[in-house]
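# just coords:
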């Protein structure tokens with residue numbers, strides 16, 4: 001009986017050693033090799049695979065962009081909206097924006113705008129700095145759907161960043 005147990009143990013140990021050494025660490029899914037993307041040379045430069053929609057000099061990539069003003073590398077909105085001429089599906093979007101330095105209005109009437117994604121969602125752009133409004137309508141909310149995790153709004157005139 002002792003001998004049978006010893007040989008059974010030796011067989012189980014030998015089987016588990018051979019099974020673990022045969023593992024190839026593959027998921028069973030065939031993946032394409034990811035492309036090489038070169039980071040920007042400076043912290044504010046885009047990576048090599050980025051589609052730049054505004055470079056500080058031109059809004060040619062936007063419908064309605066000719067109605068906005070560009071001053072000191074900044075796009076200043078007018079009464080019209082702008083819509084990218086190119087359509088995107090799966091994407092990462094980096095946006096830099098600032099609320100007006102002159103504070104006017106309160107709640108939703110204070111620097112209100114938005115980033116509309118794929119005609120489905122609006123990421124709220126609003127001066128939420130010391131400005132009470134409904135939670136799913138403040139800066140960084142998915143408008144009327146999900147409030148932001150925190151109100152990280154900077155003072156009017158300071159730059160805010162979204163990576164969507």
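Alright, I've got the coordinates. Keep in mind it's a predicted model, so treat the numbers as computed, not measured. Numbering: from 1, shown residues only.

# make it CA atoms for all contacts and neighbour counts henceforth
Will do.

# could you chop the chain up by domain?
Domain assignment for the chain by automatic domain parsing gives 52-85, 87-163.

# measure the last one end to end?
Think domain 87-163. Counting by Cα to Cα, to the nearest Å, you get 18 Å between the two ends of domain 87-163.

# again with stretch 110-130
One end of stretch 110-130 sits 11 Å from the other (Cα to Cα).

# report the distance from it to the chain centre.
Centre-to-centre, stretch 110-130 and its host chain are 14 Å apart (Cα atoms, centre = their mean, to the nearest Å).

# contacts for it, please.
For stretch 110-130, the surrounding residues in contact (Cα atoms under 8 Å, 6 or more residues apart in numbering) are 87-89, 99-100, 103-104, 107-108, 137-143, 151, 153-156.

# again with stretch 91-100
Stretch 91-100 has contacts (Cα under 8 Å, 6+ apart) with 111, 126-127, 155-164.

# try 6 Å this time
For stretch 91-100, contacts defined as Cα atoms under 6 Å, 6 or more residues apart in numbering pick out 111, 127, 156, 157, 158, 159, 160, 161, 162, 163, 164.

# once you drop chain neighbours, what's closest to residue 164?
Excluding its sequence neighbours, the residue lying closest to residue 164 (Cα to Cα, 6 or more residues apart in numbering) is residue 93, at 5.0 Å.

# how close does the one you found get to residue 137?
Residue 93 is 20 Å from residue 137, by Cα to Cα.

# more neighbours: which of the two?
Per other Cα atoms under 10 Å, whichever of residue 93 and residue 137 has more neighbours is residue 137, with 25 against 12.

# how far is stretch 76-86 from where the chain is centred?
20 Å.

# what's around residue 92, how many residues?
Residue 92 has 10 neighbouring residues, counting by other Cα under 10 Å.
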